[in-house]
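Trainee: What would the 3D arrangement of this be:
(one chain, ligands or ions: 1)
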Amino acid sequence: MQLKTELTQLLDIEIPIIQGGMAWVATGELAAAVSAAGGLGVIGAGNAPADVIEKEIDKVEKLTDKPFGLNIMLLSPFAEDIVKLALRRNVPVITTGAGNPGKYVKMFQENGSKVIPVIPSVALAKRMERLNVDAVIAEGTEAGGHIGELTTMTLVPQVADAVDIPVIAAGGVADGRGLAAVFSLGAVGAQIGTRFVCSEECIASEQYKKAILQAGDRDAIVTGRSTGHPVRNLKNSLTRELDALEKKCVDPKKIEEIGSGKLREAVIEGNVDHGSVMAGQIAGMIKDIKTVKMILDEITENCIEVLEEKLNLIK
Ligand SMILES: Cc1cc2nc3c(=O)[nH]c(=O)nc-3n(C[C@H](O)[C@H](O)[C@H](O)COP(=O)(O)O)c2cc1C
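Mentor: Modelled structure (predicted):
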């Protein structure tokens, strides 16, 4: 049995799951594996320059002919170059974070790409709808990485009521129960990040994956609220240092400086004690490393079971 939704139709994919475009983590290897298995794999451009990201696009296109996406961090110093690259390489789906993609939407769509911004509020979802984007990703505060304030549970139905375009839920989904839940909230699919970090194809260091496997339900905490760019990451000596400085009301610029480059340190170098181990609250539920295909198949099968069980309840 298959899960066909507005999202699978819109993106020409088989499973209504988008893999989050995670900086440093979402390389061509991960994106290709997700797309090949029927979801939408997304390369995370983060703050990387265009030549680096072009190599990731090459990898995906070599490994699969299925649609894939590119996440553009609009605050990146290379954002303009990444936009030009995405246009030149005709990337099928563009997701955007950290900023307003307004001036690029028409350009991408005329080039044949779908544009799907990540949003943390109803106001931004409405603004994006006015820009004629193809869908929005409503990301709750449970998610790993940079976050907003509202939970997935409260944000998704409010956004679904406020806009007429498809809504994809992000934050806290890692199994079939989560996917079934976001369908109930009005979403047409889910964007998943943390679960895919613990996949065989993900290039994150073994230490990073192990930190997620060992995390408990309350270990994914928020730092950097004082900077206006809060981040959810696993508790470690870095989060304790940042927390202590924030309590002393240290200049937010100093906090940003300390946090800069720390994701790379954890993902690539395996320094999970003083690097930033970005992960969502659902980390506590993730207990194994599997292939991307196994993860996607399990989520799909489990979601169908959950939905059938609920239907039986009301018969
Ligand atoms: C390690 C990590 C890095 C991330 N980097 C980005 C990013 O560069 N751009 C972005 O839009 N979202 C980023 N995210 C958020 C994900 O794309 C996704 O929305 C989120 O992980 C979903 O919530 P979950 O972690 O509960 O599955 C990141 C998440 C993680 C865990």
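Trainee: how far is stretch 20-34 from where the chain is centred?
Mentor: Centroid separation for stretch 20-34 versus its chain: 10 Å, with Cα atoms, centre = their mean, to the nearest Å.
Trainee: Spell out the secondary structure type for the nearest residue to Ala79 once chain neighbours are set aside.
Mentor: Spatial nearest neighbour of Ala79, excluding adjacent residues (Cβ to Cβ, 6 or more residues apart in numbering): Ile72 at 6.2 Å. Heads up, the C-betas are built off the backbone N, CA and C, glycines and all. What DSSP: H, G, I helix; E, B strand; the rest coil gives for Ile72 is strand.
Trainee: neighbours around Ile72, how many?
Mentor: Neighbourhood size, Ile72 [other Cβ atoms under 10 Å]: 32.
Trainee: isn't it right up against Ile43?
Mentor: No: using Cβ atoms under 8 Å, Ile72 and Ile43 do not qualify as a contacting pair, with a distance of 9.8 Å.
Trainee: okay, the residue nearest to Ala79: pLDDT?
Mentor: Per-residue pLDDT puts Ile72 at 98.
Trainee: Any idea what it is bridged to?
Mentor: Listed by DSSP bridges, the beta-bridge partners for Ile72 are Thr96.
Trainee: Number of residues surrounding Lys210?
Mentor: Counted by other Cβ under 10 Å, the residues lying close to Lys210 total 14.
Trainee: quick one: it is in a strand?
Mentor: No: Lys210 is assigned helix when assessed by three-state DSSP, not a strand.
Trainee: which residues does it contact?
Mentor: Taking Cβ atoms under 8 Å, 6 or more residues apart in numbering as the contact definition, Lys210 lies against Val272.
Trainee: Val122 - nearest residue in space that isn't next to it in sequence?
Mentor: Setting aside the residues directly before and after it, Val122 is nearest to Ala162 in space (Cβ to Cβ, 6+ apart), at 4.8 Å.
Trainee: For that neighbour, give me the pLDDT.
Mentor: Reported pLDDT for Ala162: 98.
Trainee: residues in the stretch 51-200 of the chain within reach of the ligand, list them.
Mentor: Contact residues (Cβ under 6 Å from any ligand atom) of the stretch 51-200 of the chain with the ligand: 71, 73, 97, 118, 139, 142-145, 170-173, 191-195.
Trainee: out of those, which are inside strands?
Mentor: For these, the ones inside strands are 71, 73, 97, 118, 139, 145, 170, 191-192, with DSSP state E as the criterion.
Trainee: Scan those and report the most crowded one.
Mentor: Neighbour counts for those peak at Ala170, which has 31 neighbours (criterion: other Cβ under 10 Å).
Trainee: With that, I have no additional questions.
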